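Undergrad: Give the three-dimensional model of this entry:
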Amino acid sequence: MTINDKFCLVRFPSKLAKEATGAAQVGRDVVPMTLMTLASLIILVFLYKHSQQVKGLRSSSSSGGGSIGAEQRAAKAVVALVTLYVVLYGVDNGIWVYSLILKKPLGSLPIFSSLYAALSPVVIIVSNRKVNSRLRCVVQEKPVQEKATTLSTT
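TA: Presented below is the predicted three-dimensional model:
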C-alpha cells in the first residue's frame, strides 16, 4: 500500500498500517480543532455573561445605545477565527482522507492549513478597532513631496 501525493511517496507494509497512519494524522488535527471549538464556546459564554453584567452600567452611562459593545465585537472575532480555522483545516483533512481512499495522487498542495496563518491576521485587523484606526492613520499620512523646480539660464 502506498500514498503518492506527487511530492512524497510513502510505502506501508499493509492496508491496516496505512489506515492507522491516516487515522492518526486526521486525529492529530481533529483533536485540536475540537479543543479550540470548545474553548471558543467557553469564551463566548463568558463574554455573554460579562455583557449581561455590564448591560445596566452601559445603559445608564450612555445615552446612545446604537454602538456595539466590546463583548459583541470580541465574540464576532472569536466566531470568525474559529470558523476560519475549522473550515480551512477541515478541508485540508478532507483532502487528506480523500487522498487515502484514492489509488492515484491527488496533486493538491496542503495549502488550506497554511491559509489560516495568512488570513487570521486579516480577521484580527478588521475586527480590532484600535489596530484598524492605527492603520488608517498610517495610510492618511502622506509624505511631503518637494516640487522639482528647474532653473533656466537665458
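Undergrad: Which residues are in contact with the spatially most central residue of the chain?
TA: Note on the chain: the residue nearest the mean C-alpha position is S120, at 3.5 Å, using Cα atoms, centre = their mean. Residues near S120 by Cβ atoms under 8 Å, 6 or more residues apart in numbering: 81, 84-85. The C-beta positions use only the backbone N, C-alpha and C, and glycine is treated the same way.
Undergrad: Just those residues: which are in helices?
TA: 81, 84-85 (DSSP state H).
Undergrad: from these, which is closest to S133?
TA: Set against S133, the nearest of those by Cβ to Cβ is L81 (20.4 Å).
Undergrad: so that closest one touches P121, yeah?
TA: No: if you go by Cβ atoms under 8 Å, L81 and P121 don't touch, sitting 10.4 Å apart.
Undergrad: These two: who's more crowded?
TA: L81 (18 against 10; other Cβ atoms under 10 Å).
Undergrad: distance of L57 from H50?
TA: Using Cβ to Cβ, to the nearest Å, L57 is found at 11 Å from H50.
Undergrad: I'd like to know how far I95 sits from L88.
TA: From I95 across to L88, the span is 11 Å (Cβ to Cβ).
Undergrad: joint contacts of those two?
TA: Common neighbours of I95 and L88, using Cβ under 8 Å, 6+ apart, are F112.
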